[in-house]
Structure formats: structure tokens, C-alpha cells
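Visitor: Below are the sequence and a predicted model; questions follow.
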Amino acid sequence: MTEKELYTLVEELSKVYFKRSFIDKVCFNNRLRTTGGRYIPAKRVIEINPKYLEAGMEEFKGIIKHELCHYFLHIDGKGYKHGDKDFKQLLKETGSPRFCNPLPFQKNEYHYQYVCKSCKQVYKRRRRVNVKKYRCGKCRGVLQLMSTSKD
């Protein structure tokens, strides 16, 4: 998909779901890694992660609708951030997802597993934790290393 085709798709989704015209810039950003897209209010630019094209067109359109919610609320001077009531309401009205699904190749590889000796709460971590310094967040009990998958 080219950026011209992307702009056409954004314009189409804007008219269908928001009944408004999209007049600013939209582009692909290959440097985005864990997010589907982002809206930059200072420049009024929407950047989309092109890797999400592989996840399917419905997922891709959902990301665009999500970013358009940020865009139109910002233009109207309403709350356009994730925690704002206006943003959440517009997401529901347009059927936009609040978060995008992780890409298939994004794995949460946890190398260390700790367990609290008192309440048996399990903690999975990518980095090693100093058990003499840190305690359980639930009951303040002592942590113990259960397993490690890192050699």
C-alpha cells in the first residue's frame, strides 16, 4: 500500500464514521515497534505502523479509526488523550478499538519467574530482580526465584 492509498483509506473512513473530512497528513512510520499508530498534535499528523497491514484489513482500519478519534477531538478542542471521557465516548460511538492487538512476532519472553513465599503471588520478569532489595507488592513478603529460562 502506498501513502496515497493510505490517505484515500483514511479519507474514506473519516467520511463514513465521523461524517467529516480529513485534511491533514497521514504517513507510514516504519520505526514504530509496539504500537499500531500515533497522532502528533503539534504537527496534526497521523503515523501508521505498516507492519499491521499483515494483521488484516479490519485490524488496520481499527487503528486508523482510533487515530482519527484523537485527531477530530484535538481539532474540536476536546479531551483527545486515552484517559479522557470524550475520547472513550467517541471510541464507542465509532466502534474503534481502545488498543491494537500485538503483532504475531511480538512475544513476551519472560526469563525469570519469582514467587512470594507468603501469599504465593507469581511475578514474571525479563530482567533479574534483587530479592534482598525487593519484596512482594501484595503482602510485602520475601520473593524467591522459581525458574529461569535464560542461560
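Guide: On my side now, so go ahead.
Visitor: okay, how far is it across stretch 99-113, tip to tip?
Guide: Separation of the first and last residues of stretch 99-113 by CA to CA, to the nearest Å is 27 Å.
Visitor: How far off centre is stretch 144-151?
Guide: In terms of CA atoms, centre = their mean, to the nearest Å, the centre of stretch 144-151 is found 29 Å from the chain centre.
Visitor: how about the top helix by length along the chain as PDB, C-alpha atoms only?
Guide: Identified as the longest helix of the chain according to DSSP state H is helix 57-76. Taking Å, rounded to 0.1, in the frame of the first residue of the first chain, the C-alpha atoms of helix 57-76 are listed here in PDB:
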ATOM      1  CA  MET A  57      -7.500  -5.100   7.000                       C
ATOM      2  CA  GLU A  58     -10.000  -5.000   9.800                       C
ATOM      3  CA  GLU A  59      -7.300  -4.500  12.400                       C
ATOM      4  CA  PHE A  60      -5.600  -1.900  10.200                       C
ATOM      5  CA  LYS A  61      -8.900   0.000   9.800                       C
ATOM      6  CA  GLY A  62      -9.500  -0.100  13.500                       C
ATOM      7  CA  ILE A  63      -6.100   1.500  14.100                       C
ATOM      8  CA  ILE A  64      -6.900   4.300  11.700                       C
ATOM      9  CA  LYS A  65     -10.300   4.900  13.300                       C
ATOM     10  CA  HIS A  66      -8.600   5.100  16.700                       C
ATOM     11  CA  GLU A  67      -6.100   7.700  15.500                       C
ATOM     12  CA  LEU A  68      -8.900   9.600  13.800                       C
ATOM     13  CA  CYS A  69     -10.700   9.800  17.200                       C
ATOM     14  CA  HIS A  70      -7.500  11.500  18.600                       C
ATOM     15  CA  TYR A  71      -7.400  13.800  15.500                       C
ATOM     16  CA  PHE A  72     -11.000  15.100  15.500                       C
ATOM     17  CA  LEU A  73     -11.200  15.500  19.300                       C
ATOM     18  CA  HIS A  74      -8.000  17.600  19.200                       C
ATOM     19  CA  ILE A  75      -9.400  19.800  16.400                       C
ATOM     20  CA  ASP A  76     -12.600  20.300  18.300                       C
END
